[in-house]
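In: Need a 3D model of the following:
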Amino acid sequence: MSSHSARSLEWGALIPYLALHVACFAVFWVGWSPFSVTLCVALYFVRMFAVTAFYHRYFSHRTFKTSRAAQFVFAVAANACAQKGPLWWASHHRHHHRFSDQPGDTHSPVQDGFFYSHVGWIWLRSNFRSTREGMADFQKFPELRWLDRHDLLVPTALGVVLFALGALLERIAPSLGTNAWQLFIWGFCVSTVVLYHGTYTINSLSHRIGWRRFATTDDSRNHRGLALLTLGEGWHNNHHHYPGAMRQGFFKGEWDITGEILRVFQRVGLIWDVHQAPARVLADNRDARVPVRGVESPPRRVDLRVVDQQEMPSCS
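Out: Here you go, the predicted model:
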């Protein structure tokens, strides 16, 4: 793990994390049913949307506003992904943007290699422990601080509900061919593990594979396949060029499913003051394939919308 000492591993987190992965092999014991696999896929996509729309685009970059009540509901939905609390998640992500692919980046494949950027960084005690650095805008809300402290409650509740639902369906709808353990393994364990690694690809693969439209100061790339897997996060070079945009697919053909769903949220009044990339940003290097190494023009810093916490109130 690069220069990071193994003695700094957070074993209290690593062991349950590995156990969840091992539990996925129980599919050979519990079997499968169309219902359990469909639920597994549905929970992957619903929770992928929650983490990309709310932990990333709202809590990390404040690309739109919402009410305080909706803010908490959004945080709970994203917390069901079992990727810790909203303050922890957004704090680490804001730190990543400040030092992207430079010394000090929390998870850079350029600095520390693929494995560390993909998953290894999470296991370090210094990264796993709660932090609210740079989160003055959101840590003023006691309900978010509470959720951050008790970040295992929502994922645990989801697992219990899935187990209970499986037991109920086995009794009242035996034709579905499912049961408590099958629904827990497929609906929670498999879905969560796949969700983990789908999310992680943006930290690792999105800085290694794909093409670059903009000459950013890091190695962020765009990749259509990763964009489909993560509901729009794969337009990562776009995002690093202008992180303040709610939509990360800037141009025609850059499918951003999360952005489209959030547009529906905007139409029905759940969110407002949605920020998009301005014309001057879209015109900059449009359709230019910037070399991955040896950027032709001098790199420049852009407004990350993550440092000035007083610029935009989080909710009203």
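
In: gap between Gly232 and Arg98?
Out: The gap separating Gly232 from Arg98 is 23 Å, by CB to CB, to the nearest Å. Any C-beta I mention is one placed from the backbone N, CA and C, and that applies to glycine too.

In: So these two - more neighbours on which side?
Out: Neighbours of Gly232 and Arg98, each counted by other CB atoms under 10 Å, are more numerous for Gly232; the result is 29 against 15.

In: which residues touch the closest residue to the more buried one other than its chain neighbours?
Out: In space, and not counting its chain neighbours, Gly232 is closest to Asp256: 3.4 Å by CB to CB, 6 or more residues apart in numbering. Residues near Asp256 by CB atoms under 8 Å, 6 or more residues apart in numbering: Ala227, Leu231, Gly232, Trp235, Arg247, Gln248, Gly249.

In: Same question for Thr38.
Out: Contact analysis of Thr38 by CB under 8 Å, 6+ apart lists nothing.

In: Phi first, then psi, for it.
Out: When read as degrees, to the nearest 10, the backbone of Thr38 gives phi -60, psi -40.

In: That one and Leu176: what is the separation?
Out: 10 Å.

In: Can you tell me the number of residues neighbouring the residue lying closest to Phe250 once chain neighbours are set aside?
Out: Of all residues not flanking Phe250 in the chain, Asn238 sits nearest, at 4.9 Å (CB to CB, 6+ apart). Applying other CB under 10 Å, we find 29 residues neighbouring Asn238.

In: from the middle of its chain, how far away would the strand or helix carrying Asn238 be?
Out: Counting by DSSP states H and E, the element that carries Asn238 is helix 236-241. Distance of helix 236-241 from its chain centroid, counting by CA atoms, centre = their mean, to the nearest Å, is 15 Å.

In: Touching the helix or strand following that helix from outside, list them.
Out: Using DSSP H and E, the helix or strand that follows helix 236-241 towards the C-terminus is helix 257-267. Identification of contacts with helix 257-267 by CB under 8 Å, 6+ apart yields 49, 52-53, 57, 64, 231-233, 246-249, 271-272, 274.

In: dump the residue contacts of the closest residue to Arg125 other than its chain neighbours.
Out: Nearest residue to Arg125, sequence neighbours excluded (CB to CB, 6+ apart): Glu10, at 4.4 Å. Residues near Glu10 by CB under 8 Å, 6+ apart: Trp123, Leu124, Arg125, Phe128, Arg129.

In: okay, Glu10: pLDDT?
Out: pLDDT, Glu10: 79.

In: Look up how far Asn127 lies from it.
Out: Distance from Glu10 to Asn127, by CB to CB: 8 Å.

In: and what of Thr156?
Out: Applying CB to CB, the value for Thr156 to Asn127 is 22 Å.

In: The two - which one has more neighbours?
Out: Neighbours were counted for Thr156 and for Asn127 using other CB under 10 Å; Asn127 has more, 19 against 13.

In: Let's test this: mean pLDDT of the one helix or strand that one maps to, rounded?
Out: Element membership for Asn127, per DSSP H and E: helix 125-128. The average pLDDT for helix 125-128 rounds to 81.
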